[in-house]
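# Generate a structure from the sequence data that follows.
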Amino acid sequence: PLFLLVLLLIHDASARPSRAIWSLPALIALWANLHPSFLAGLGVLGIWATIEVLTGRLAPSRALLLVGACGLAPAFNPYGFMLWGFLLQTALVPRPDISEWQPLVLMTRFGLAYAAFVALALWGLIYSRRPRRGSLMAVLVVTALLPLVAIRHTPLSALAIAVIAGEHIGDAWNRCVVGRRNPARPATWLQVRAIAAGLMLGIL
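Below you'll find the predicted structure:
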């Protein structure tokens, strides 16, 4: 759920100036006290902020302040900065005996479901008429590739596809499917969410 909140916050900040993005340091601090997966949230934020700065959509000073505050936020835990040392010793260690840390094999039922979901996102991006923001596209590409590093990242990939590619899938659906059947009756965003949610649950 916290990774989903990060995605929603950066998605909103990509569309319009948003004060809600400044709640991220508090969110990361809470997340660090619950689970080490907050590293995924920091990674996504770093990718998004870097592309936003390079494209001139975010001032470097504001990006540095935001990312810096989020980087310091995990220190607000019972172990302080020692948490970073512990994570560096454990997160980078190979775990060949744990199946969740193995790369996703595409030629399996689970792998084919994942590939279908990625294909749906790609179809939406190709046929959508909505603007494609570089920062969000970068986040989408990276998260979509994560399951090929470790299976445990598949839920993160599914969430990123639902949040970032969902609007494009909806627009492509209206353009290519519903429009042919009944041009006066486009699919609602609720229907598109239901389709994406169903596919995501099929993967998970």
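
# switch to C-alpha atoms for all contacts and neighbour counts from now on
Noted.

# The most centrally placed residue in the chain sits in which helix or strand?
By C-alpha atoms, centre = their mean, the mean C-alpha position of the chain lies nearest to residue 160, the distance being 3.2 Å. Assessed by DSSP states H and E, residue 160 sits inside helix 154-160.

# Could you do residue 137 as well?
Judged by DSSP H and E, residue 137 forms part of helix 134-145.

# And residue 28, how close does it get to residue 118?
Noted for residue 28: a distance of 28 Å to residue 118, by C-alpha to C-alpha, to the nearest Å.

# the more surrounded of these two?
Per other C-alpha atoms under 10 Å, whichever of residue 28 and residue 118 has more neighbours is residue 28, with 26 against 19.

# I would like the residues contacting the helix or strand where that one lies, please.
Residue 28 is part of helix 24-32 when elements are defined by DSSP H and E. For helix 24-32, contacts defined as C-alpha atoms under 8 Å, 6 or more residues apart in numbering pick out 2, 6, 37-38, 41-42, 66, 69-71, 73-77.

# what's the average pLDDT for that helix?
Mean per-residue pLDDT for helix 24-32: 95.

# now swap in stretch 108-127 and tell me
92.

# Tell me how far that stretch lies from the chain's centre.
Taking C-alpha atoms, centre = their mean, to the nearest Å, one finds the center of stretch 108-127 at 15 Å from the center of the full chain.

# any residues touching that stretch, and which ones?
With contact meaning C-alpha under 8 Å, 6+ apart, stretch 108-127 is reached by 104-106, 132, 144, 154, 158, 161, 165-166, 168-173, 175-176, 199-200, 202-203.

# Which positions within it qualify as buried?
Judged by neighbour count (16 or more other C-alpha atoms under 10 Å), stretch 108-127 contains these buried residues: 110-111, 113-115, 117-118, 120-125, 127.
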